[in-house]
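# I need the structure of the sequence given here:
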Amino acid sequence: MALIPDATAQLGVARRAFAAADQDGYGVLDNLIAHVASRLAAEPLSAFRELAEAELADAAADDPGGESSFPRRRWFCARALAAIADAQGDVDLFIAAEMAKGSRVRDDAGMAERLVRVGRPAEALAVLDAAEPNPAKNANRLEDIQIAALDALGRKDEAQEVRWAAFKRALRPQPLRDFLKRMADFDADAKEDEALQFVSAHRDVVTALLFLIEWPNLRRAGALVRARRTELNGDLYWAFGPAAERLEDKEPLAATLLYRSMIDFALNAGRSTRYSHAARHLVDSERLGARIEDWQGAPDHRAYVDGLRAKHPRKSGFWSRIELG
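Prediction:
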């Protein structure tokens with residue numbers, strides 16, 4: 001639906017939007033051009049494209065830049081032209097606009113994704129092959145597009161290899177799920193076991209724990225916590241709190257160890273803002289302790305509390321919140 005009925009008036013709105021976004025130095029109007037372009041009729045949209053192309057040509061001539069520079073206006077004009085290209089459904093124009101930005105900041109994933117969408121997967125792979133490694137670019141998205149392109153080309157074995165590599169690179173559950181779906185049941189069971197063993201041995205215990213919780217395999221998650229309890233950093237409450245709650249029913253010792261890691265961090269670091277949470281975790285630990293028969297080398301609940309009292313007798317902001325049975 002057009003923004004307003006008159007084509008000349010529409011182009012006037014588009015010009016004002018371009019000028020306003022061009023002057024915006026704070027990113028407030030980043031999506032304005034895409035918003036306006038998507039509502040223009042065909043004729044003013046074509047005129048808007050000509051405007052953006054001319055502005056981009058001028059910006060490139062004034063500041064051609066290089067791979068080590070970041071010519072802001074050239075980037076802005078290229079981004080505007082890419083938004084117009086999307087409004088026109090012109091993949092080649094989108095690619096041309098992105099290429100004008102330079103390899104450091106161009107949207108490789110966006111180019112490849114659009115090529116796959118319009119049935120040009122071989123070209124999508126070429127774009128991905130040419131993409132320069134850059135931490136700012138979303139590696140997960142690039143992998144997913146590569147898989148989609150390989151599937152579209154019928155290169156199923158290669159797609160499987162990328163799924164497996166994507167899982168191992170960042171412990172991503174979805175590529176592993178998709179990988180296993182494409183295997184025979186017996187082979188899938190064996191490969192899943194191999195994958196979960198890999199997760200359990202991963203160097204980052206937190207990433208491994210979150211994977212196992214999400215998978216879910218609570219038995220392995222509990223085993224991971226028990227085996228690597230000395231690696232637990234209780235500062236990571238955002239991860240350990242939800243994980244402990246998930247483990248309470250089937251893995252009470254592991255849940256208790258996670259609660260203790262957060263309690264210990266709060267008290268050792270003197271984080272008074274966390275004392276109320278730590279007190280609640282201690283109460284949760286007392287409740288779980290009644291169900292634990294084998295502490296596997298960890299002190300039981302009473303011994304743990306006695307140790308806390310001996311080490312932190314003056315943390316009244318914490319102890320005042322505790323009512324232990």
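# which residues of the stretch 51-200 of the chain score low on pLDDT?
Scanning the stretch 51-200 of the chain for pLDDT under 70 picks out 63-70, 135-136.
# where does Ala97 land in three-state SS?
Of the three states, Ala97 takes helix under DSSP: H, G, I helix; E, B strand; the rest coil.
# Distance of the closest residue in space to Leu40 that isn't next to it in sequence relative to Glu143?
Ranked by CB to CB, 6 or more residues apart in numbering and with sequence neighbours excluded, the top spatial neighbour of Leu40 is Gln10, at 5.3 Å. The way it works is simple: take the backbone N, C-alpha and C, and place the C-beta from them, glycine included. From Gln10 across to Glu143, the span is 40 Å (CB to CB, to the nearest Å).
# Next, Leu196: phi, psi?
Note on Leu196: its backbone torsions stand at phi -70, psi -30 [degrees, to the nearest 10].
# so it makes contact with Leu218?
No: counting by CB atoms under 8 Å, Leu196 stays clear of Leu218, with 11.8 Å between them.
# shared neighbours of those two, anything?
Shared contacts of Leu196 and Leu218 (CB atoms under 8 Å, 6 or more residues apart in numbering): Leu212.
# what secondary structure does the closest residue to Ala34 other than its chain neighbours sit in?
Nearest non-adjacent residue to Ala34, counting by CB to CB, 6+ apart: Ala83, 3.9 Å away. Per three-state DSSP, the local secondary structure of Ala83 is helix.
# Is there a neighbour count for Ala83? I'd like the number.
Neighbour count of Ala83, defined by other CB atoms under 10 Å: 24.
# pretty sure it is touching Leu32, no?
No: using CB under 8 Å, Ala83 makes no contact with Leu32, being 9.1 Å away.
# Show me where the stretch 1-150 of the chain has its helices.
7-23, 32-37, 42-62, 72-88, 91-101, 108-117, 121-130, 139-152 (DSSP state H, counting those that start in this stretch).
# Alpha carbons of the fourth one, as CSV, please.
Extracted in CSV, the C-alpha atoms of helix 72-88 (Å, rounded to 0.1, in the frame of the first residue of the first chain):
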residue,chain,number,x,y,z
ARG,A,72,30.6,6.8,6.5
ARG,A,73,28.5,8.5,3.7
ARG,A,74,29.4,5.9,1.1
TRP,A,75,28.2,3.2,3.6
PHE,A,76,25.0,5.2,4.2
CYS,A,77,24.2,5.6,0.5
ALA,A,78,24.9,1.9,-0.2
ARG,A,79,22.7,0.9,2.7
ALA,A,80,19.9,3.1,1.4
LEU,A,81,20.2,1.6,-2.1
ALA,A,82,20.2,-1.9,-0.6
ALA,A,83,16.9,-1.1,1.2
ILE,A,84,15.4,0.2,-2.1
ALA,A,85,16.6,-3.0,-3.8
ASP,A,86,14.7,-5.1,-1.3
ALA,A,87,11.6,-3.0,-2.0
GLN,A,88,12.0,-3.7,-5.7
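# contacting residues around Val127?
Per CB under 8 Å, 6+ apart, neighbours of Val127: 95, 108, 111-112, 115.
# Nearest residue to it in space, please, no chain neighbours.
Val127's closest residue in space is Ala112 (CB to CB, 6+ apart), at 4.5 Å.
# Repeat that for Phe94.
Closest to Phe94 by CB to CB, 6+ apart is Ala85, at 3.9 Å.
# Right, I'll leave it there.
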